[in-house]
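Enquirer: sequence and computational prediction follow.
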Amino acid sequence: MEIICNQIELNNSIQLVSKAVASRPTHPILANILLTADQGTNKVSLTGFDLNLGIQTSFDATVKKSGAITIPSKLLSEIVNKLPSETPVLLDVDENSDNILIKSDRGSFNLKGIPSDDYPNLPFVESGTSLNIDPSAFLKALKLTTFASSNDESKQLLTGVNFTFKQKYLESASTDGHRLAVVLIGKEENSLQTENSAANEDNLSVTIPTRSLREIEKLVSLKSSESSIKLFYDKGQVVFISSNQIITTRTLEGTYPNYSQLIPDTFSKLFTFNTKKLIESLERIAVLADQQSSVVKIKLDENDLALISADAQDIGSGSESLPVSYSGETFNIAFNVRYLLEGLKVISCENVVLKCNLSTTPAVFVPEDNLNSFTYLVMPVQVRS
């Protein structure tokens with residue numbers, strides 16, 4: 001194999017696919033990137049695959065001889081990243097020794113590769129369900145839900161985001177057991193095309209690992225100008241395809257919790273805050289709250305002011321008042337300040353509404369301008385008075 005290519009394109013492609021290279025590979029070849037060159041199309045393709053997440057990208061180059069080889073990801077990334085960007089890069093592979101020569105006008109490097117024969121194939125979905133997804137709608141769903149998924153590997157299913165693709169809208173949800181984020185995004189046209197009678201129901205519901213979604217988010221961000229990105233789903237595998245990139249990921253197996261039953265139907269108390277002022281106030285009080293329990297207390301009086309406070313035993317305490325729109329008797333409630341801030345920071349609306357019943361039952365934050373599209377449920381913290 002012999003290719004001449006642009007350093008920037010090669011470097012960007014390596015950085016992209018290396019996100020799917022195993023950090024602790026179970027087999028030496030999984031620490032490598034698969035590089036394939038096709039003389040007929042003058043295309044170079046790079047693939048990273050850790051058996052759960054796979055990323056493939058391609059770019060144009062001068063291919064003098066077709067071929068395929070796998071190259072150690074970390075070394076290749078560090079070498080190419082430091083090569084001068086103003087001159088082309090030559091890659092020449094000796095098929096007898098699997099030796100890879102990387103050459104620029106400044107110098108050359110020799111690396112030992114592993115033949116591509118043992119590199120696992122990316123799973124492609126032959127049949128199943130095919131969807132066209134709107135990149136901007138999908139990005140919005142990711143922004144509003146990924147933050148609330150769990151980091152606890154023992155709660156495997158909760159380490160992802162659940163997506164339900166319906167005929168007229170997309171619903172996504174994530175929870176870590178302490179809070180829940182749900183977003184409903186309407187679609188103008190019917191973009192669910194089912195190609196397999198076995199999957200021919202109204203909805204497709206899949207749970208995708210948050211780790212994979214962070215890489216998918218980068219791909220979709222780059223393609224946000226495109227009208228749609230193709231999604232294929234079959235037997236626990238989801239494949240996203242855009243013009244020159246493919247991301248494939250396993251889904252998380254199991255039935256996602258029925259989260260809609262966690263959200264109360266009615267609320268007896270509604271408080272309206274300015275979102276920006278509430279965030280700023282919580283960030284100041286968090287300086288003390290974070291010293292110990294991360295608990296912040298909110299006391300709501302009849303005088304249109306909310307008192308936000310934190311006590312850090314043996315360290316100090318802090319409090320500040322914030323305007324609130326509310327009518328009713330005095331009410332106290334406490335939360336983990338980090339949960340509040342993470343949820344409030346994805347709300348772009350000027351005002352946010354806090355809806356609750358008791359200081360011990362789930363509380364819900366919703367943007368004032370769109371009360372049904374985004375719901376952020378947080379369990380209050382019980383504080384001994």
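Expert: Yep, it's here.
Enquirer: quick one: buried residues of stretch 377-385?
Expert: Leu377, Val378, Met379, Pro380, Val381 (16 or more other Cβ atoms under 10 Å). C-beta: built from backbone N, CA, C; applies to glycine.
Enquirer: now do the same for that stretch: mean pLDDT, whole number.
Expert: Mean pLDDT, stretch 377-385: 86.
Enquirer: before we move on, what about stretch 305-319?
Expert: On average, stretch 305-319 scores 90.
Enquirer: what's the farthest-apart pair in the buried residues of stretch 377-385?
Expert: Largest separation among the buried residues of stretch 377-385 by Cβ to Cβ: Leu377 and Val381, giving 14.2 Å.
Enquirer: secondary structure added to the buried residues of stretch 377-385, as a markdown table?
Expert: Shown next, in a markdown table, are the buried residues of stretch 377-385 (DSSP: H, G, I helix; E, B strand; the rest coil):
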| residue | secondary structure |
| --- | --- |
| Leu377 | strand |
| Val378 | strand |
| Met379 | coil |
| Pro380 | coil |
| Val381 | coil |
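Enquirer: ok, so of those, who is nearest Val238?
Expert: Taking Cβ to Cβ as the measure, Val238 lies nearest Leu377 of these, at 26.3 Å.
Enquirer: tell me which helix or strand the spatially closest residue to that closest one that is not a sequence neighbour sits in.
Expert: Closest residue to Leu377 apart from its sequence neighbours, by Cβ to Cβ, 6 or more residues apart in numbering: Leu180 at 4.3 Å. In the assignment (DSSP states H and E), Leu180 maps to strand 179-186.
Enquirer: so what's the residue nearest to Leu377 up against?
Expert: Ala148, Ala173, Ser174, Tyr259, Leu262, Ile263, Thr375, Tyr376, Leu377 (Cβ atoms under 8 Å, 6 or more residues apart in numbering).
Enquirer: shouldn't the fifth one be in contact with Thr375?
Expert: Think Leu262. No: in this structure, Leu262 is not within contact of Thr375 by Cβ atoms under 8 Å, at 10.1 Å.
Enquirer: compare neighbour counts for these two and give me the winner.
Expert: More crowded of Leu262 and Thr375, by other Cβ atoms under 10 Å: Thr375, with 22 against 14.
Enquirer: excluding its backbone neighbours, what's nearest the more buried one?
Expert: Val182 (4.7 Å).
Enquirer: now do Leu270
Expert: Lys355 (5.4 Å).
Enquirer: okay, now the one you found: neighbour count?
Expert: With other Cβ under 10 Å as criterion, Lys355 counts 20.
Enquirer: name the element it belongs to?
Expert: strand 351-356.
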